[in-house]
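# Got a sequence here, can you build the structure:
(one chain, ligands or ions: 1)
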Amino acid sequence: MNFESEEEAMKRLGPLYIPVWEHSDETVADAIRMFREKWQPYSKESKQHNILNLVRELIDPAISEYRTHLPAEHLAYFPLPKGLSNYSDLVQSKGFRYAAGQIHSSLREFLDSDAFKEQDVTFIATQDMLKSLFLSCDEKRPRRSRLEPDVYFNTERKTRLCKFCGAPTEFSAFISHWERYGVIDSDEQESSNNIGKISPDLSHTYCLNHRPKLHHGSWNPAYKKAKRSYAQFEQEVLRLRRQVAHPDRPNANSGDTLIDEYFYHFMVDSLLDPTNVAELRELARKMVDSRLTDTKKRILALKKQGMSNHQVGLRMGVITGKQLSNQAVSKALGTIREKFTL
Ligand SMILES: [Zn+2]
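Take a look at the predicted model:
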């Protein structure tokens, strides 16, 4: 039988894609593959196509089967309260997000405990896969609104990128390291930025550079900085993404013609398209970190129109109410990284 790769499935299913981890339990993985083929008309809101029914039909039996093979030390980290036998029961009483959160915290406890061994990657991968399944279910919109903008955020979460940039989360890095080398190198002598070194607090949200605390416990300045600029970062990602969707015309929809013009010129020769989520996020991160403000983007767009610094300064006065001197314009231009000039 010819299997489709995860990458192909992601392309084909688009926003309907739900990830299947390598090294996860085959029965559960197959159930999720079937689930993502069928779940398009389903949502929490629908009576006729209630998503919980689909979980009961496809996912519960696979998990039950999977649980029968689990040793007791793994079962202890299976977050089901007494009396409940299926995740769907937990979802029914507390919701998808709660179930995902329970899986997440149990997994952390597990990684932290003495029970954890390197060979346990199947258990970790399977639990994490279920967590992302439930998050996907929680975010699933009824069919008619599935092209709403939040689809973009869904896809992003599914590919497990850092909240603040385009790098994979620590956990994803851990899994792909495993895939590549088949071993988790836990040698104490390894440097602390070695992803092979398994740490009990592997982040599902941030990459190694943006994790809130450094491995020796102090706050990470890169995290704080990225947190402060989070709104701006998300905004730049969105503008870049819109622009590459229609590279033939200004399409950033920033609400400002000059900023839209900037994005048009900046991305006109780019080979990126909206599916290059990681690259676009990396670019947005660099844009924010190098302080390419909207004012600087407007100045660059005006220069691109062929204006002198003097004319640019006057125009900025008309737009912002604060005229800029020749000096101020050339100073602003001087601070712009070459990568972002037009
Ligand atoms: Zn990051």
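
# Can you pull the residues of this protein lying near the ion?
With CB under 5 Å from the ion as the criterion, the chain meets the ion at residues Cys162, Phe164, Cys165, Ala167, Cys207, His210. Placement of C-beta: from N, CA and C, glycine included.

# Out of those, the closest to Gly306 would be?
Cys165 (35.0 Å; CB to CB).

# measure that closest one to Cys137 for me?
In this view, Cys165 and Cys137 are 27 Å apart by CB to CB, to the nearest Å.

# Show me the helices in the stretch 151-300 of the chain, by range?
Remark: helices assigned in the stretch 151-300 of the chain by DSSP state H, counting those that start in this stretch are 170-181, 221-228, 230-245, 257-267, 277-289, 294-304.

# Least reliable of these by average pLDDT, please.
Note on those: helix 170-181 shows the lowest mean pLDDT, a mean of 63.

# Where does the record place the domain boundaries for the protein?
With domains defined by automatic domain parsing, the chain comprises 6-148, 160-221, 230-340.

# want to throw the ones you listed into a markdown table with mean neighbour count?
Shown next, in a markdown table, are the domains of the chain (neighbours: other CB atoms under 10 Å):
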| stretch | mean neighbour count |
| --- | --- |
| domain 6-148 | 17 |
| domain 160-221 | 16 |
| domain 230-340 | 17 |
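
# just flag whichever of these has the lowest average confidence.
Here the domains of the chain differ in mean pLDDT, and the lowest is domain 160-221 at a mean of 65.

# Let's see the distance spanning that one from one end to the other.
Domain 160-221 stretches 22 Å from its first residue to its last (CA to CA, to the nearest Å).

# Please list all residues in contact with Val55.
Listed by CB atoms under 8 Å, 6 or more residues apart in numbering, the contact partners of Val55 are Phe35, Tyr87, Ser88, Val91, Cys137.

# Closest one to Thr122 out of those, please.
Nearest to Thr122 among those, with distances taken as CB to CB, is Tyr87, at 17.6 Å.

# how close does the closest one sit to Pro79?
From Tyr87 to Pro79 the distance is 9 Å (CB to CB).

# What are the contacting residues of the host helix or strand of Val329?
Under the criterion DSSP states H and E, the helix or strand holding Val329 is helix 326-334. With CB under 8 Å, 6+ apart as the contact definition, helix 326-334 has outside contacts at Thr295, Lys296, Ile299, Leu300, Lys303, Asn309, His310, Val312, Gly313, Met316, Leu324.

# and if you look at stretch 314-325?
Residues contacting stretch 314-325 (CB under 8 Å, 6+ apart): Leu258, Thr295, Arg298, Ile299, Leu302, Met307, Val312, Gly313, Val329, Ala332.

# can you check stretch 22-32 too?
Contact partners of stretch 22-32, identified using CB under 8 Å, 6+ apart, comprise 6, 18, 20-21, 58-59, 61-63, 65-66, 69, 121-122, 125-126, 129-130, 133, 175, 178-179.

# The residue nearest to Ala62 when sequence neighbours are not counted and Glu65: what is the separation?
In space, and not counting its chain neighbours, Ala62 is closest to Ala31: 3.5 Å by CB to CB, 6 or more residues apart in numbering. Ala31 sits at a distance of 9 Å from Glu65 (criterion: CB to CB).

# do Leu280 as well
Separation of Leu280 from Glu65 (CB to CB): 40 Å.

# Please apply the same query to Lys140.
Taking CB to CB, one finds Lys140 at 25 Å from Glu65.

# What of Thr275?
For Thr275 relative to Glu65 (CB to CB), the value is 35 Å.

# By residue count, what's the longest helix in the protein?
helix 121-139 (DSSP state H).

# which helices and strands does it pack with?
Where contact means 3 or more CB pairs under 8 Å, 6 or more residues apart in numbering; DSSP states H and E, helix 121-139 is packed against helix 26-38, helix 87-94, helix 96-112, helix 150-158, helix 170-181.

# Let me know which of the ones you listed is the nearest to Asn251.
helix 150-158 (14.5 Å).

# got a list of contacts for stretch 219-236?
In contact with stretch 219-236 (CB under 8 Å, 6+ apart) are residues 163-165, 206, 209-214, 283-285, 287-289.
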